[in-house]
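Colleague: What follows is a predicted protein model with its sequence.
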2 protein chains.
Amino acid sequence: MARRLQLVSTLSGCEYPFERIEEFADNGESLEVQISDIDRAKVREGRHLWERFADFLPFTNADAGVSLGEGNTPLMAAGDQLQALTGVGNLLLKNETQNPTWSFKDRGSLACMFLARELREDTVATISTGNMGHSVAAYAAKAGLAAVVFVPTFAPQEKLMAMAMHGAHVLKVAAPDYAEMKNRVLGLAGRLKLRIVSGNGPIRVEGYKLTAFELFEQMRGKVPDFVAVPTSACGHIRGVFKGYRELQAAGLIDRLPRMIVVQAHNNSPVVTAMKRGLSQVVPFRDFHTIAEAITSGNPAGGDEILDKARRFDWLGEDATEEEILEAQRAFARAGFFVEPSTATVLPAVRKLVEAGRINRDASVVLMLTGAGLKDLDALKYQPCGGVIESDVETVEADLRSVLGR
Amino acid sequence: MARRLQLVSTLSGCEYPFERIEEFADNGESLEVQISDIDRAKVREGRHLWERFADFLPFTNADAGVSLGEGNTPLMAAGDQLQALTGVGNLLLKNETQNPTWSFKDRGSLACMFLARELREDTVATISTGNMGHSVAAYAAKAGLAAVVFVPTFAPQEKLMAMAMHGAHVLKVAAPDYAEMKNRVLGLAGRLKLRIVSGNGPIRVEGYKLTAFELFEQMRGKVPDFVAVPTSACGHIRGVFKGYRELQAAGLIDRLPRMIVVQAHNNSPVVTAMKRGLSQVVPFRDFHTIAEAITSGNPAGGDEILDKARRFDWLGEDATEEEILEAQRAFARAGFFVEPSTATVLPAVRKLVEAGRINRDASVVLMLTGAGLKDLDALKYQPCGGVIESDVETVEADLRSVLGR
């Protein structure tokens, strides 16, 4: 019996064809890919991760020609400093900033390009101000597809130019607010038969599963107790978890990691709902956070995450602006320059340990989602210690003073 | 017989102790590490590249604790567009932008930290405006060493802050010119027993050898015909070549790749000398190039490169400012966002093919040395095509116009 692929809405269970253009169910719920014979899936031989885990993926003709060399990112011991800061003895970093466009988004973009090639789509489109737009633009260039990135007018020009360098059409859309811009753009999708790729789309989620498969290989079949993920549209965290669930369905692991949903305190629609025991996200509006890569104030995928959190005993925690800035410095002083959104995971895990929700001997993977280079502007909020004005006459004295020699 | 390590000056053959603090010979020549029994070196089993190639490296006690997860970067087919642009059928990209600090420098920094740990040094210092300073700062943070980065006053503040985030002491040194600043700082080294790490230092070169070893593994023992490297201080290109020579000395390969020295036309001290058949570099002063990562106007290591180029039939070519900008766009349209210095390799190889110096059926590896994110400022020189001003009323018409639907 050939395996069957379909899309299923994640709360009500409605079924849709795999090729559906819109990325959410008619009632707004997240969709996910269901593979009929996932329980018989096996790990194969293969050079690429997606070849070894082909049984777990919905692509029938994955083409290496669309890859930019994503994945295969290091999983590393976090080191003494970060362990001491969090109180976790077995703290691991999964460094997704070493992807081709320097964020986790590339794994989702790979999956989108596999699909676009299979369906013979000629265009890929997304709404973004940052990592997502850049990643989609780069992958569309590699795959030879047209790319359209809709951006709000407040997006920094240099980021738009970086997307345009890849040949993307960048449409800066003036609108009363970001939500209205999004709605208007999504409305176009059906009329123009254009797939507007969302950060929580079902195909991107299939790409994020690859991170779970890679962790499975890197940890030689062991499952971490916790995986902490900075969360905005929700696609990343549900992708990683879906990967682990399918490994379990296939009998390759016997337990699941517990996910830790991490958001900025100033914009925590999912975490606030988790803390209050609600089944629907608490929308945030008119907020400001330095964690610019996680700014979905009312993520369409949030309700599913709340459902998963209840059923699988996930944790949720936030990070204040001050904690984020401090954590970005702490990461850098351990050698890792991450963007502010990524830095949220450090205080979140620390607080969960202090509250007794995470045991000190647990294994915890922190997802380093985006490079600090992505947002050098954010450094203006950091205290500028360490930069010393000197000149050729005083440099020896200044150096001796710095080194205490 | 235990193996013996020493430093040897690369032209006159003078010998120095392996632990020498200054990074050049007394006469200014480049130094290189000589391992006494390299001809008996073997590839070992091991998780890390430096473990598998330990026989080829001068570290007796390499400690994984100083690694940030450098290397293991993709080697990929460049794709049809870049092949067509250069005329090379077997064009490969070695994407060093997927290193921990997003440039090739990290392999050299790893080697520096191995040495610093072995010699129980507590401080590492360098002179830099960009990739080098950032990489050294990050690795020093990981290794728990103090870092000092000397920078000229024209270095952009945000880059300095990124280094300072890692805990480095950043000394901005006002001086009549960059060369005088460098001389003054190097003069301090001996007095303060401080190793001022140079981009062409013998230990960094040992780190860059790892790229050759990784290529050897990725190409399953095959040797590319050419390896093109954007060249400034000269450490990178001589490190990669030294790696290949030692593989040959150990009997693992039977021929060497020919290296292609690539520089910006506006600052081409080595390439100009190669073209003129000179044995000494032609110093450049008061130049401007957008390729800010390759701005050594009078590299101390250049004469050795000229010697190697003659003996091993290397090629040299440059790229004009216009060619660099065009090539940066071409790389981006193939999916790869590289910094301008990296983009030089594309027109250089194209011109060498057109001149008949590289056969169209040759295999050519292009080193992608640094990420485009490193220098978003450079985008201001690019034509800003692709960014379209729109609003919620006109977006559908604008989109239809862009897509031609």
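Modeller: Received the coordinates, thanks.

Colleague: pLDDT averaged over stretch A:347-363 - what is it?
Modeller: Stretch A:347-363 carries an average pLDDT of 98.

Colleague: what's it in contact with?
Modeller: A:85-92, A:222, A:224-226, A:228, A:260, A:262, A:315, A:317-320, A:323-324, A:326-327, A:364, A:366 (CB atoms under 8 Å, 6 or more residues apart in numbering or on different chains). Where you see a C-beta, it was placed from the backbone N, CA and C, and this is true even at glycine.

Colleague: From those residues, which land in helices?
Modeller: A:85-86, A:323-324, A:326-327 (DSSP state H).

Colleague: Could you single out the nearest of those residues to A:Ala164?
Modeller: A:Ala164 lies nearest to A:Ile324 out of the ones in helices among the contacts of stretch A:347-363, by CB to CB, at 29.7 Å.

Colleague: Give me the neighbour count for the residue in the stretch 151-300 of chain A that chain B sits nearest to.
Modeller: Distances from the stretch 151-300 of chain A to chain B, computed as CB to the nearest CB, single out A:Ala164 as the nearest residue at 3.3 Å. A:Ala164 has 24 neighbours, counted by other CB atoms under 10 Å in any protein chain shown.

Colleague: got a list of what it touches?
Modeller: So A:Ala164 contacts A:137, A:170, B:384-387 (CB under 8 Å, 6+ apart).

Colleague: sorry, back to before: of the ones in helices among the contacts of stretch A:347-363, which is the most crowded?
Modeller: A:Ile324 (29 neighbours).

Colleague: relative to its centroid, which residue of chain A is most remote?
Modeller: Computed with CA atoms, centre = their mean, the residue of chain A farthest from its C-alpha average is A:Glu393, at 49.0 Å.

Colleague: How is that residue assigned, secondary-structure-wise?
Modeller: When classified by DSSP: H, G, I helix; E, B strand; the rest coil, A:Glu393 comes out as coil.

Colleague: per-residue pLDDT, the residue nearest to A:Asn298 when sequence neighbours are not counted?
Modeller: Leaving aside its chain neighbours, A:Asn298 sits nearest to A:Pro283 (3.9 Å; criterion: CB to CB, 6 or more residues apart in numbering or on different chains). Listed pLDDT for A:Pro283 reads 96.

Colleague: Then A:Cys384?
Modeller: If you check A:Cys384, the pLDDT there is 68.

Colleague: just to revisit the earlier point, would you mind writing the ChimeraX command to select the buried ones in the contacts of stretch A:347-363?
Modeller: To isolate the buried members of the contacts of stretch A:347-363 in ChimeraX, using 16 or more other CB atoms under 10 Å in any protein chain shown:
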select /A:85,86,87,88,91,92,224,225,226,228,260,262,315,317,318,319,323,324,326,327,364,366
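
Colleague: Just the contacts of stretch A:347-363: which are in strands?
Modeller: A:90-92, A:226, A:228, A:260, A:262, A:315, A:317-319, A:364, A:366 (DSSP state E).

Colleague: and the residues you listed, which two are the farthest apart?
Modeller: Farthest pair in the ones in strands among the contacts of stretch A:347-363, by CB to CB: A:Asn90 and A:Asp318, 23.5 Å.

Colleague: Mind telling me what element the residue lying closest to A:Phe53 once chain neighbours are set aside is part of?
Modeller: Leaving aside its sequence neighbours, A:Phe53 sits nearest to A:Phe213 (CB to CB, 6+ apart; 4.6 Å). Element membership for A:Phe213, per DSSP states H and E: helix A:202-218.

Colleague: so what's the closest residue to A:Pro74 other than its chain neighbours up against?
Modeller: Using CB to CB, 6+ apart and skipping the chain neighbours, the partner closest in space to A:Pro74 is B:Gly69 (3.0 Å). Contacts for B:Gly69 (CB under 8 Å, 6+ apart) come out as A:73-74, A:76, A:95, A:98, B:100.

Colleague: same question, A:Gly302
Modeller: With CB under 8 Å, 6+ apart, A:Gly302 has these contacts: A:234, A:269-270, A:273, A:280-281, A:296.

Colleague: switch the cut-off to 6 Å
Modeller: Taking CB atoms under 6 Å, 6 or more residues apart in numbering or on different chains, we find A:Gly302 in contact with A:234, A:269-270, A:281.

Colleague: Dump these to TSV, plus secondary structure and distance to B:Asn359.
Modeller: Listed next are the contacts of A:Gly302 as TSV, based on DSSP: H, G, I helix; E, B strand; the rest coil; distance: CB to CB, whole Å:
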residue	secondary structure	distance to B:Asn359
A:Cys234	coil	52
A:Pro269	helix	59
A:Val270	helix	58
A:Val281	coil	61
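
Colleague: Need those residues in TSV (columns: neighbour count and distance to chain B).
Modeller: Formatted as TSV, those follow (neighbours: other CB atoms under 10 Å in any protein chain shown; distance: CB to the nearest CB, whole Å):
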residue	neighbour count	distance to chain B
A:Cys234	28	26
A:Pro269	24	24
A:Val270	28	28
A:Val281	25	25
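
Colleague: List just the nearest of the residues you listed to A:Arg405.
Modeller: Nearest to A:Arg405 among the contacts of A:Gly302, counting by CB to CB, is A:Val270 at 51.3 Å.

Colleague: wait, isn't that closest one in contact with A:Met259?
Modeller: No - the criterion here is CB atoms under 6 Å, and A:Val270 misses it with A:Met259 at 11.2 Å.

Colleague: A:Glu304 against A:Ser30, yeah?
Modeller: Yes - A:Glu304 is in contact with A:Ser30 according to CB under 6 Å; the separation is 4.6 Å.

Colleague: residues from the stretch 151-300 of chain A in reach of chain B?
Modeller: Within the stretch 151-300 of chain A, the positions adjacent to chain B are A:158, A:160-161, A:164-167, A:169-175, A:184, A:188 by CB under 6 Å from any CB of the partner chain.

Colleague: now the helices for the stretch 151-300 of chain A?
Modeller: For the stretch 151-300 of chain A, the helices defined by DSSP state H, counting those that start in this stretch occupy A:157-165, A:178-192, A:202-218, A:235-249, A:269-276.

Colleague: Worst mean pLDDT among the ones you listed?
Modeller: The weakest mean pLDDT among these belongs to helix A:178-192, with a mean of 86.

Colleague: got a pLDDT number for the nearest residue to A:Gln382 once chain neighbours are set aside?
Modeller: Here the nearest residue to A:Gln382 in space, its sequence neighbours aside, is A:Leu325; by CB to CB, 6+ apart that works out to 6.0 Å. Note for A:Leu325: predicted pLDDT of 97.

Colleague: now do A:Val262
Modeller: 98.
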